[in-house]
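1. here is the input, now give the coordinates:
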Amino acid sequence: MAEDAVDAAIKSGKLNPINKSLTSKLCLVGGDGWDPAYFTVIAQEYVRMKVQNGAPVPGEMDTAAAKHLSHSYGTMAEKVASIAQNENLGKRLAHGYPYLEAEVAYCARNEYCESAVDFIARRSRLAFLDTDAASKALPRVIEILAVEHDWDKSRQKEEFQLATKFLETFRSSKNAHFDDGKHT
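-> Numbering: from 1, shown residues only. Here you go, the predicted model:
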């Protein structure tokens, strides 16, 4: 997409670049050595730890979560799976979605995820897929980010308010403004 945007800007601006784009020769982080069946490595080698009744309980890394990690993080999915397994962050953030708690920690540590909005909107896209699920996941996302970034209670409260306000912008009944006399 970036290469397409630059190409369009060059064309629109009638520019004459000295060099051709190098984008097609660059490998994204996690892309080197990845193939579509890579999720099987994740599913077979890692268990998903979750907490039930106050105690960690191992469970299989299910196929949906393994595929999600593989397609989202490439070969770096092993790092995310390792966090899930070794740090008891294997629980899903939202029912019906493959996002794991470990992803929040991974993104904070490795991808400069600095806010709850950043995670729910840009890292997981959960805000765009299901605002209710994102709202329910929000306290846990903030809790994990608070540990990762050493946030105090004030910062956690601010993150919750900012993210809640952000999610409100997706609620159509709050956004719809019709002047045709049929809608209120």
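
2. could you list the single helix or strand in the chain with the lowest mean pLDDT?
-> Lowest on mean pLDDT, DSSP states H and E among the helices and strands of the chain sits helix 172-175, with a mean of 52.

3. show me what the longest helix anywhere in the chain is packed up against.
-> In the chain, with assignment by DSSP state H, the single longest helix is helix 131-149. With contacts defined as 3 or more CB pairs under 8 Å, 6 or more residues apart in numbering; DSSP states H and E, helix 131-149 has these neighbours: helix 101-110, helix 116-117, helix 126-129, helix 153-168. Every residue, glycine included, has its C-beta placed from N, CA and C.

4. element containing the residue nearest to Ala43 when sequence neighbours are not counted?
-> Spatial nearest neighbour of Ala43, excluding adjacent residues (CB to CB, 6 or more residues apart in numbering): Ala66 at 3.8 Å. Element membership for Ala66 (DSSP states H and E) is helix 63-73.

5. need the residues that contact that helix.
-> By CB atoms under 8 Å, 6 or more residues apart in numbering, the residues outside helix 63-73 that reach it are 30, 34, 38-40, 42-43, 46, 48, 77, 79-81, 92, 98-100, 103, 106.

6. narrow these to those in helices?
-> 39-40, 42-43, 77, 79-81, 103, 106.

7. need those in a markdown table (columns: pLDDT).
-> Listed next are the ones in helices among the contacts of helix 63-73 as a markdown table, based on pLDDT from 0 to 100:
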| residue | pLDDT |
| --- | --- |
| Phe39 | 90 |
| Thr40 | 88 |
| Ile42 | 87 |
| Ala43 | 85 |
| Ala77 | 94 |
| Lys79 | 94 |
| Val80 | 95 |
| Ala81 | 92 |
| Glu103 | 97 |
| Tyr106 | 98 |
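
8. now the buried members of these.
-> For the ones in helices among the contacts of helix 63-73, burial is judged from neighbour counts taken by 16 or more other CB atoms under 10 Å, and it is met by 39, 42-43, 77, 79-81, 103, 106.
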